[in-house]
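1. Next one to model:
(one chain, ligands or ions: 1)
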Amino acid sequence: MTKKDQSPPGRNPDQGQDRKFSPDDPQTGVVEKTEVHTKRPSMYKVLLLNDDYTPMEFVVHLLREVFHRTEEEAVRIMLSVHQDGIGICGVYSFEIAETKVAQVVSAARHSEHPLQCTMEKA
Ligand code: TYC
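-> Next up, the predicted model:
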C-alpha cells in the first residue's frame, strides 16, 4: 500500500485542504492526453554553380575546407560542376546549409571570384 492510499476514507489527499466527497462536489475532472508529433527536420542540398572564371583549385579548396571532402571527392565534385553546370556539395539541416552557403560566398567574394553557391530542399 502506498502512502497516498492510507488517507482517511472520504478525503482527497490531492486537495490543499481535506474535503469530504459529496454529491454536489463529485470531484470529477477531464484527463487530457497530449499527442506528440515530432517532425524530422527538412534537409537541404548545398549546390555549387559553374562559371568561367573561378579557378578549379579554389573550388577544390572550398570543398575540402567547408564541406570536409577528401582531395579525391573535392576534385570529383568540382569536375562534375565544371562539366554539368551544377553539383551537390552536401546535404544538411537548414541552419548548417545556410552557414555553408554563406562561408562559400564570403570566401569567393573575398578572393574576387564570381563563384555562386545556393541551397534547395532535398
Ligand atoms: N569552370 C571553372 C574553370 O574552368 C571551374 C569551376 C568549377 C568553377 C566549379 C566553378 O563551381 C565551379 N576555371
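
2. Let me see the confidence value for the residue nearest to the spatial centre of the chain.
-> Closest to where the C-alpha atoms of the chain average out (C-alpha atoms, centre = their mean) is Ser93, at 4.0 Å. Ser93 carries a pLDDT value of 98.

3. right, and it touches Lys45 too?
-> No - if you go by C-beta atoms under 8 Å, Ser93 and Lys45 don't touch, sitting 11.8 Å apart. Where you see a C-beta, it was placed from the backbone N, CA and C, and this is true even at glycine.

4. before we move on, the earlier item: tell me the contacts of the residue nearest to the centre of the chain?
-> Contacts of Ser93 were listed using C-beta atoms under 8 Å, 6 or more residues apart in numbering, and they are Pro41, Ser42, Met43, Tyr44.

5. Show me which residues of this structure are close to the ligand?
-> By C-beta under 6 Å from any ligand atom, the residues of the chain that approach the ligand are 48-52, 54-56, 59, 78, 81-82, 115.

6. Report the buried members of the residues you listed.
-> Buried by 16 or more other C-beta atoms under 10 Å: Leu48, Asn50, Thr54, Val59, Met78, Val81, His82, Leu115, out of the residues of the chain next to the ligand.

7. got the contact list for the fifth one?
-> In this structure, Met78 makes contact with Leu48, Met56, Val59, Val60, Leu63, Gly87, judged by C-beta under 8 Å, 6+ apart.
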